[in-house]
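*Asks:* With the input below, show me the fold.
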Amino acid sequence: MRRARRQALVRHARASDAILEAKHQGLAPSDDQRRELGAARRAFNEVRPHGWQDAEAAYSKDNSLAREAATGDPARAIRALQRETGNRLDMQRADEFVDRWKKLGKVSEQRYAAGNYSGYKAARAEMGNMTMSLERDPQMESLLEGRKKQLGIGMDFDSGMRLGRQLSLSHGLGRGRGIGL
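*Replies:* This is a model prediction of the structure:
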């Protein structure tokens with residue numbers, strides 16, 4: 001399987017490099033080049049889902065990766081591909097966190113409006129658990145730092161606190177610990 005992925009990467013790199021070279025010369029890619037890129041994308045997708053998207057994201061950051069991989073030296077391109085895959089997966093995790101946070105916020109509001117206070121408290125407790133999970137996952141916290149508005153934190157609420165603490169305080173989830181002795 002590893003060999004098939006490597007061959008698909010090299011084929012995709014050759015097709016991408018041909019198109020990048022044409023664009024670099026100020027020419028439009030030919031129909032044959034576009035067809036080959038489409039076929040290379042499909043072949044790459046069969047052996048590694050989302051592989052061609054991650055590879056092209058890496059190539060857009062460093063065009064020389066496509067040329068190196070196309071000539072049979074894909075080591076740097078493979079490392080860049082793995083980084084892009086990690087970035088894509090991290091962004092998906094952040095999207096899922098934001099979506100779940102918004103859903104729980106709506107559910108808690110609906111339950112409160114309906115008079116279901118135990119359901120309201122359960123939803124708020126789950127939101128509190130999500131904020132505490134950020135304290136154990138600094139990578140997720142840094143990914144979500146730029147999404148404060150989506151999470152319902154006002155942009156003026158920047159006290160230098162960590163994101164999990166800001167979420168707790170801005171949504172009235174409590175401090176998590178008592179302030180007494």
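
*Asks:* For residue 157, give me the pLDDT.
*Replies:* With respect to pLDDT, residue 157 scores 53.

*Asks:* any idea where the helices of the protein begin and end?
*Replies:* With DSSP state H as the criterion, the chain has helices at 2-24, 31-47, 51-61, 64-70, 75-113, 117-136, 138-144, 148-151, 163-170.

*Asks:* In contact with residue 12: list those residues for me.
*Replies:* Taking C-beta atoms under 8 Å, 6 or more residues apart in numbering, we find residue 12 in contact with 37, 40-41, 43-44, 51-52, 55. C-beta: built from backbone N, CA, C; applies to glycine.

*Asks:* any idea which of these has the most stuff around it?
*Replies:* The residue in the contacts of residue 12 with the most neighbours, by other C-beta atoms under 10 Å, is residue 55 (29 neighbours).

*Asks:* if I pick the closest residue to that one other than its chain neighbours, what's in contact with it?
*Replies:* Leaving out its chain neighbours, the residue that sits closest to residue 55 by C-beta to C-beta, 6 or more residues apart in numbering is residue 81, at 5.3 Å. The contact partners of residue 81, by C-beta under 8 Å, 6+ apart, come to 9, 51, 54-55, 58.

*Asks:* Touching, residue 151 and residue 100? I think so.
*Replies:* No: between residue 151 and residue 100 there is no contact under C-beta atoms under 8 Å: 10.8 Å.
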